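**Q** Turn this into a structure:
(one chain, ligands or ions: 1)
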Amino acid sequence: MQFMRGSNLPEERGGGSNILMNSTCHDTIVEAVEADSFGYSCPTVQLMIRSWKTVKAVLGYTGFSEFSPIWNSKNLEELNVMGKIEEWDRRGIHCLAQLYRAGRLKSFQEIREEYAVPNRLFFSYLQVRHALEVQFRGKVIEWSEMPLLRKLIKWEEDVGTITEEQWKYVLALGPRVSLAPSQGVSHLYLIYRSYYTPVKLFSFGKSPDAKCHHCGDRRGDLIHMFWRCPKLHRYWEGIVEKMNSVFGTSLDMEARTCLMSLMEKNGMLKDTQTAIIRCLFQGKKLIARKWQAKDPLTMAEWMKEVKDMIMKEKLWYGKIGSMKKYKSIWKLWLEQERSE
Ligand SMILES: [Zn+2]
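**A** Numbers count the residues shown, from 1 in each chain. Modelled structure (predicted):
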């Protein structure tokens with residue numbers, strides 16, 4: 001996953017029409033507040049800078065974050081005096097964190113290999129290095145990623161690499177998982193890994209061990225509780241089989257499919273995909289609701305949830321005069337139900 005500057009967080013991008021962003025030389029609000037680069041000060045800008053400082057303090061940041069820009073930053077006086085080195089900027093070197101690895105400034109060779117910087121920029125590297133040495137006076141910079149990003153990156157350990165496009169899709173799924181906005185938030189609870197798993201409770205000292213309540217496995221972490229637990233195997237297998245039989249798909253029995261709704265589209269209609277996303281969401285919701293249950297979840301319980309959801313959607317779409325939409329989403333499910 002490559003979290004490029006601002007591109008993964010479109011809502012944070014200032015956009016040309018935003019008067020605040022027009023007054024700064026940075027692309028995103030986070031970069032602008034980190035650099036304190038607003039061209040004028042007004043109560044909104046001051047409030048934003050104060051709020052960001054509070055957010056950083058709450059998240060445990062004491063100094064610079066991975067969003068701190070290198071260029072045009074009032075907080076990096078030494079580099080600011082030097083001015084922007086356009087060739088570095090063009091090669092994608094924008095943020096301070098890109099220059100460091102494990103608390104130490106990267107060598108020219110590392111930067112050259114990573115950003116295809118030509119040898120002739122060695123002199124400018126020496127200038128930057130000198131400026132940073134003067135700026136930080138030998139202090140070790142402690143880098144930590146934003147907790148949210150760290151959580152998202154953890155997903156890649158659990159389910160494999162997720163491309164930037166796929167992340168955009170997963171993070172934007174909230175409004176598609178259900179017609180109820182609160183359910184969209186539930187989707188984000190899972191993606192942001194907000195559940196109190198046995199591992200988390202154990203780490204907080206709230207539980208004597210980190211075991212899964214269902215199977216007794218020693219490591220009841222998020223991926224175990226939602227996917228790897230052997231007690232869930234039949235449940236997920238049944239759901240995937242049912243999806244494939246109803247929608248004529250060939251969804252894989254994989255965590256990235258079932259938990260993140262990542263699937264090959266293969267010409268699939270958008271409404272069919274919505275139906276699958278909603279059915280899979282019911283599967284996850286039931287796991288969260290029956291978190292402490294002793295007995296393994298069953299397909300029958302999931303079927304009941306899906307049928308209730310479809311019933312509610314019928315009422316809702318009927319009320320807003322969109323039965324065509326309802327049929328387009330649920331046609332295949334309803335057809336199979338009739339043939340049973
Ligand atoms: Zn288990």
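**Q** residues touching the nearest residue to Arg129 once chain neighbours are set aside, list them.
**A** Counting by Cβ to Cβ, 6 or more residues apart in numbering, Arg129 lies nearest to Leu105, which is 6.2 Å off, once chain neighbours are set aside. No exception for glycine: its C-beta is placed from N, CA and C like everyone else's. The contact partners of Leu105, by Cβ atoms under 8 Å, 6 or more residues apart in numbering, come to Leu99, Arg129, Leu132.
**Q** Tabulate those (a markdown table), appending distance to the ion and pLDDT.
**A** Below are the contacts of Leu105 laid out as a markdown table (distance: Cβ to the ion, whole Å; pLDDT from 0 to 100):
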| residue | distance to the ion | pLDDT |
| --- | --- | --- |
| Leu99 | 43 | 88 |
| Arg129 | 50 | 90 |
| Leu132 | 48 | 86 |
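**Q** Restricted to strands, list these.
**A** Among the contacts of Leu105, none falls in strands (DSSP state E).
**Q** So how do I select the buried members of the residues you listed in PyMOL?
**A** Buried members of the contacts of Leu105, defined by 16 or more other Cβ atoms under 10 Å, are picked up in PyMOL with:
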select buried, resi 99+132
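**Q** thinking again about what came up before, which phi and psi does the residue nearest to Arg129 have?
**A** Phi and psi for Leu105, reported as degrees, to the nearest 10, are phi -70, psi 130.
**Q** what ranges do the strands span in this protein?
**A** Using DSSP E, strands in the chain cover 100-101, 104-105.
**Q** Need the contacts of Leu105 in JSON lines (columns: distance to Met268).
**A** Listed next are the contacts of Leu105 as JSON lines, based on distance: Cβ to Cβ, whole Å:
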{"residue": "Leu99", "distance to Met268": "43"}
{"residue": "Arg129", "distance to Met268": "52"}
{"residue": "Leu132", "distance to Met268": "50"}
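**Q** related to what we said a few turns ago, tell me which of the strands of the chain is the most buried.
**A** strand 100-101 (a mean of 16; mean count of other Cβ atoms under 10 Å).
**Q** mean confidence for that one?
**A** Computed over strand 100-101, the mean pLDDT rounds to 82.
**Q** Sheet-wise, list the partners of that strand with their directions.
**A** Applying DSSP bridges, strand 100-101 is found paired with strand 104-105 (antiparallel).
**Q** for the strand it pairs with, what is the average pLDDT?
**A** On average, strand 104-105 scores 82.
**Q** chain center to that strand, what's the gap?
**A** 27 Å (Cα atoms, centre = their mean, to the nearest Å).
**Q** which bits of the stretch 151-300 of the chain sit near the ion?
**A** Cys212, His214, Cys215, Asp217, Cys229 (Cβ under 5 Å from the ion).
**Q** picking up where we left off before, the strands of the chain: which one's closest to the ion?
**A** Taking Cβ to the ion, strand 100-101 is the member of the strands of the chain nearest to the ion, at 36.9 Å.
**Q** which residues sit in contact with Gln292?
**A** Neighbouring residues of Gln292 by Cβ under 8 Å, 6+ apart: His213.
**Q** do Ile277 as well
**A** Leu173, Arg176, Val177, Ser261.
**Q** pLDDT score for it?
**A** On the pLDDT scale, Ile277 gets 97.
**Q** mind listing what the residue lying closest to it once chain neighbours are set aside touches?
**A** Spatially, and ignoring its direct neighbours in sequence, Ile277 is nearest to Ser261 (4.7 Å; Cβ to Cβ, 6+ apart). Taking Cβ under 8 Å, 6+ apart, we find Ser261 in contact with Val170, Leu173, Ile276, Ile277, Leu280, Phe281.
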